[in-house]
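Visitor: Pasting the sequence and the predicted coordinates here, then a few questions.
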Amino acid sequence: MHSPFTPEPSPDDRAERDFTAGDGPGLRSPAPGADRTPLTFDVIIAGCGPTGATLAAELRLHDVRVLVLEKETEPKSFVRIVGLHIRTIELMAMRGLLERIAQHGRRRPAGGFFAAVDKPAPEGLDSAHAYLLGIPQPVIERLLEEHAIALGAQVRHGCAVAGFEQDDEGVTVELAGGERLRSRYLVGCDGGRSTVRKLLGVGFPGEPSRTETLMGEMEAGVPQEEITAKVTEVNETRKPFQLRPFGGGVYGVVVPALGVSDRAEPPTLEDFRQALRAIAGTDFGVHSPRWLSRFGDATRLAERYRVGRVLLAGDAAHIHPPIGGQGLNLGVQDAFNLGWKLAAQIRGWAPEALLDTYQAERHPVAADVLDNTRAQMELLSTEPGPQAVRRLLTELMDIEEVNRRLIEKITAIGIRYDFGEGPDLLGRRLRDIDVKQGNLYGLLHRGRGLLLDRTERLTAGGWSDRVDYLADPTASLDVPCFLLRPDGHVAWIGDDQRDLDDHLSRWFGNPAN
Ligand SMILES: Cc1cc2nc3c(=O)[nH]c(=O)nc-3n(C[C@H](O)[C@H](O)[C@H](O)COP(=O)(O)OP(=O)(O)OC[C@H]3O[C@@H](n4cnc5c(N)ncnc54)[C@H](O)[C@@H]3O)c2cc1C
């Protein structure tokens, strides 16, 4: 790999010159006085959260020159434990990262996540990684950032994106301190309050927060037995209230806030005391907070994921309540979908409109997550109506197909992109399978396409610079051959070379020779 910081342009900017798709609001027309600052980077990413760091790594697999700008100087102080669901675990395995990440996480059963209805996952989920991996968010963020840096991404902390302008050739990004940088593309991975999305003028319609929850770690001034008894009593009517002992006198506190502030700043200890008194009649003498945080239940989805040379991913594009633990997973999966397409655009081999399939594929997935989290929030309500629906759903989840459908939603293994008519597997992600070299995911570390040929008659021919070829009549799959995209989704199934060539062109552009 060459250095990502060499100032020369990418080897093939053919697609850049032809590029016109997606023009719209926020796209400034090229002016004689357009910014002539050298295009030092191919892509600038605003925000080094899980989405930004993952995207940076995916782009680096294709030698794209990446700069990540992160406004914070220090890692996040709050230690939210997040769950990596099956599809994200699979993606980590596909890039050779899983072993490292798993050392820091704790495996839990995959079931019991939909609205916290206590049902085990059905037998035989279609994955080699059918479990949940619980891991502190700061740890997964650090590991993803280290991975991006190891691949050659540049990350600058303490640099907030404050403005940008785009023209036909690139984007000029302005930092809070006034420094200006130039790249071909800008991706806003800067979270739910995204500056990039706001400056882009992209609408973020949806529902505002109706409730807010305070979450933190602190010490308590009363004995543990007293706390446990009170929590048990309150939980009979109010579920989202917890004081969980973490040892050493420290408790993890989750309590409904007294109102909806919709503020970015963390709450105060006094906010916690008042909220605890309101729900439990006592504030348990809480003191010495380790960290304090808040979250709401707003659901919003960006109207567009792309305006010209500026794109949105992760929480910058969609927000929803944390129930079911899907937000980080959704953002990481956005990054896997976008990474290779944006890289293809920059390397010059992207078929027309490939980049726009990012929104076409991912927007409906986010809309579905917004829907399922909204539904789950309703099912948590203590009102009699929602409680009756909850009892009915609990009963229905005894039907294996119902339980399976809900788990496939939460874990994202049920996603099927619309690639047109074809067998059920077309458009779906493929589970890891045994192949003659070991396992399939082991062949996907470099983020390239893969043609797996059980007939030993086909070839990836002129696309071999982008698509690997594996002849393996023994591969444990019930189709003659398949073509996998770099994000692991099945792009073609068949045994005819001409049909295959059409599909290679569709996803991987013109052959190199
Ligand atoms: C209580 C709770 C529990 C959760 N549990 C789960 C779970 O179990 N599983 C799960 O998948 N998700 C969970 N989530 C959701 C998850 O935390 C988020 O969806 C995830 O952090 C989104 O990642 P992101 O990278 O898109 O955005 P963020 O994590 O918000 O990262 C955005 C980054 O951009 C930076 N930034 C902001 N503005 C700028 C700027 N102008 N310039 C430069 N940088 C900027 C920020 O500092 C930040 O580092 C939970 C959320 C909450 C509140």
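Guide: Right, received. Where do you want to start?
Visitor: going forward, measure contacts between C-alpha atoms and count neighbours the same way
Guide: Fine.
Visitor: Next, give phi and psi for residue 335.
Guide: Backbone geometry at residue 335, expressed as degrees, to the nearest 10, gives phi -60, psi -40.
Visitor: Quick check: pLDDT value at the residue lying closest to it once chain neighbours are set aside.
Guide: Nearest residue to residue 335, sequence neighbours excluded (CA to CA, 6 or more residues apart in numbering): residue 55, at 4.7 Å. You'll see residue 55 listed with a pLDDT of 98.
Visitor: and residue 55, what is it in contact with?
Guide: By CA atoms under 8 Å, 6 or more residues apart in numbering, the contact set of residue 55 is 332, 335, 336, 338, 339.
Visitor: What of residue 455?
Guide: 471, 472, 473, 480, 481, 495.
Visitor: ranges for the helices of the stretch 1-150 of the chain?
Guide: Per DSSP state H, counting those that start in this stretch, the stretch 1-150 of the chain carries helices over the ranges 14-18, 50-60, 86-94, 98-102, 137-150.
Visitor: closest to residue 236 out of those?
Guide: For those, the distance to residue 236 is smallest for helix 137-150, at 30.0 Å, taking CA to CA.
Visitor: Convert the closest one to PDB, retaining C-alpha atoms only.
Guide: The C-alpha trace of helix 137-150 is given here as PDB (Å, rounded to 0.1, in the frame of the first residue of the first chain):
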ATOM      1  CA  GLN A 137     -18.400   1.400  23.600                       C
ATOM      2  CA  PRO A 138     -15.100   3.200  24.300                       C
ATOM      3  CA  VAL A 139     -13.300  -0.100  23.800                       C
ATOM      4  CA  ILE A 140     -14.900  -0.900  20.500                       C
ATOM      5  CA  GLU A 141     -14.300   2.700  19.300                       C
ATOM      6  CA  ARG A 142     -10.600   2.400  20.300                       C
ATOM      7  CA  LEU A 143     -10.200  -0.900  18.500                       C
ATOM      8  CA  LEU A 144     -11.900   0.300  15.300                       C
ATOM      9  CA  GLU A 145      -9.800   3.500  15.300                       C
ATOM     10  CA  GLU A 146      -6.600   1.600  15.900                       C
ATOM     11  CA  HIS A 147      -7.500  -0.700  13.000                       C
ATOM     12  CA  ALA A 148      -8.200   2.300  10.700                       C
ATOM     13  CA  ILE A 149      -4.800   3.900  11.700                       C
ATOM     14  CA  ALA A 150      -3.000   0.600  11.200                       C
END
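Visitor: Please state the offset of that helix from the chain centre?
Guide: Taking CA atoms, centre = their mean, to the nearest Å, one finds helix 137-150 lying 14 Å from the centre of the chain it belongs to.
Visitor: just stretch 313-323 next, same as before
Guide: So, by CA atoms, centre = their mean, the centroid of stretch 313-323 is 9 Å from its chain's centroid.
Visitor: Rounded mean pLDDT for that stretch, please.
Guide: Taken as a whole, stretch 313-323 carries a mean pLDDT of 96.
Visitor: Please apply the same query to stretch 482-499.
Guide: Mean pLDDT, stretch 482-499: 97.
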